[in-house]
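S.K.: Turn this into a structure:
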Amino acid sequence: MEGFLKFILLPLILTASLPGLGFCYSIINSPENATVLAGSDARFNCTVSIGWLILIWLFNGNPVLTVINPQGAIETSDHFTSRNYTSSNGFTSELIIHNTQLSDSGKIECSTQQPNESSFAFLSVQVNGSLFIKNSTLTVTENKTVEIVCEALEWAPAPDIAWMTNDSFIDKSRYVTQQSQGSNGLHNALSILTLTPVDTEILTCLADIEALPNPQNATVTVIFVNSTMENDYIEDNRSTWVIVLAVVLSVVGIVLLIIIIAVVVRCCCLKKKGSTYENEIRKVSAEKKKDGNLGNRQRHGSENQGYIPEELWNTEEDPRIYSLLPRYPKFTVRAEDLHTSSASKVQPQRPTDYPINPKKIRNMTLV
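M.R.: Model prediction:
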């Protein structure tokens, strides 16, 4: 009986002694929901009362970090770290999730391992994609309707699209937005604005998600051209082209003229050079021919009319030979026909008749 009473009283005693051992504590401030851009850090705070012993952080129900009093935090991953703050009201543990990604979106829970003593918050990680308008500048004529396309790619979640003109929002009935999701889980949006401009204006496409401090934007300038301005513009363009064409043709004509003159001068020079060359060739040939004749005369000399072969000298022995000899008449010169030069003595001339038996003398005159 006594043993049974001890068995019943022991749990009661332990329960009564728990507040004294420090197990009677509670969560004073719970963590709050957070929305961050991918790549940034997310922070959650949980404050418990004095006397706490253990605090556990859970992500989607799985423990990721534990804080024990008085040892401190037990960190098992660099992705989840903590900072601790102590005040007179209690103890605050800050959970830091570094370099958040889409997979980090979920439930973040703070637990003290006591019944009904846990609180939670949600983390939403969003992706800021790209935004652009296909044409940065448009030229629109009078009474013409145009469609301007704004495209947002790889966002999470799908962004809200809005249009502005000259710092004023455009009514949603004037544009249509379509959304789609890609295979990578990111969202795309396509917005088409239809308008008929009456003046030059600047249009802005806005894309916004909760994590962005300011919407992302893309702009396009719509240039309005009325009919009169367009005609003037066309005429100016024509005049400009005419002037340019005239200048180009003038330059080309001058260049062609210079080329033609250069070709003509070149041909004349070549022709003159050719004729000079031919004249030189003729002159050289004539000089060679003259030199050849002179050489022949120098080699052969002139015929001596007074030369008699030796075979004809003994004509007395053979009268037939004497009859064949040439006979020259004897002539005389009067004394008054002879002139004597004071500068030099003149030898008397040889008689023109030849004796029958001349001496053996052979004369040759070379010119």
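S.K.: residue ranges of the strands in the stretch 101-250 of the chain, please?
M.R.: 106-111, 118-126, 130-133, 137-141, 146-155, 160-165, 168-169, 175-181, 187-195, 201-208, 216-225 (DSSP state E, counting those that start in this stretch).
S.K.: other SSEs contacting the second one?
M.R.: Contacting strand 118-126 under the criterion 3 or more CB pairs under 8 Å, 6 or more residues apart in numbering; DSSP states H and E are the following elements: strand 34-37, strand 42-48, strand 106-111. C-beta here means a position set from N, CA and C on the backbone, and glycine is covered the same way.
S.K.: Lys144: which of those is closest?
M.R.: Of all those, strand 34-37 sits nearest to Lys144, with 40.6 Å by CB to CB.
S.K.: Now the closest one: average pLDDT?
M.R.: Throughout strand 34-37, pLDDT has a mean value of 96.
S.K.: List the contacts of Phe44.
M.R.: Neighbouring residues of Phe44 by CB atoms under 8 Å, 6 or more residues apart in numbering: 31-32, 34, 57, 94-95, 97, 108, 110, 121, 123.
S.K.: go again using 6 Å as the cut-off
M.R.: Counting by CB atoms under 6 Å, 6 or more residues apart in numbering, Phe44 touches 31, 95, 108.
S.K.: any idea how far Val146 is from Val190?
M.R.: No, residue 190 isn't Val; it's Leu. 16 Å (CB to CB, to the nearest Å).
S.K.: That should have said Val225, apologies.
M.R.: From Val225 to Val146 the distance is 12 Å (CB to CB).
S.K.: just Ser191 next, same as before
M.R.: 14 Å.
S.K.: before we move on, what about Glu201?
M.R.: Glu201 is 12 Å from Val146, by CB to CB.
S.K.: Look at Ile170 and say how many residues are nearby.
M.R.: Residues lying near Ile170 (other CB atoms under 10 Å) number 16.
S.K.: Who does the spatially closest residue to it that is not a sequence neighbour form a beta bridge with?
M.R.: Leaving aside its sequence neighbours, Ile170 sits nearest to Trp163 (CB to CB, 6 or more residues apart in numbering; 4.1 Å). Beta-bridge partners recorded for Trp163 (DSSP bridges): Cys205.
S.K.: Do I have it right that Trp163 meets Lys172?
M.R.: No. Under the criterion of CB atoms under 6 Å, Trp163 makes no contact with Lys172, lying 8.5 Å away.
S.K.: The two: who's more crowded?
M.R.: Trp163 (21 against 11).
S.K.: any idea how far the more buried one is from Pro157?
M.R.: For Trp163, the distance to Pro157 - CB to CB - is 20 Å.
S.K.: Ok, Asn143 next?
M.R.: Taken as CB to CB, the span from Asn143 to Pro157 is 40 Å.
S.K.: the more surrounded of these two?
M.R.: Legend: neighbour count by other CB under 10 Å for Asn143 and Pro157, higher for Pro157 (15 against 10).
S.K.: which residues sit in contact with that one?
M.R.: With CB under 6 Å, 6+ apart, Pro157 has no contacts at all.
S.K.: what's the distance between it and Asn128?
M.R.: For Pro157, the distance to Asn128 - CB to CB - is 11 Å.
S.K.: What is the burial count for Glu142?
M.R.: So Glu142, with other CB under 10 Å, has 14 neighbours.
S.K.: That one and Asn226 touch, don't they?
M.R.: Yes. The pair Glu142 / Asn226 is scored as a contact, 4.6 Å apart, by CB under 6 Å.
S.K.: Who is Asn29 paired with across the strands?
M.R.: Thr47.
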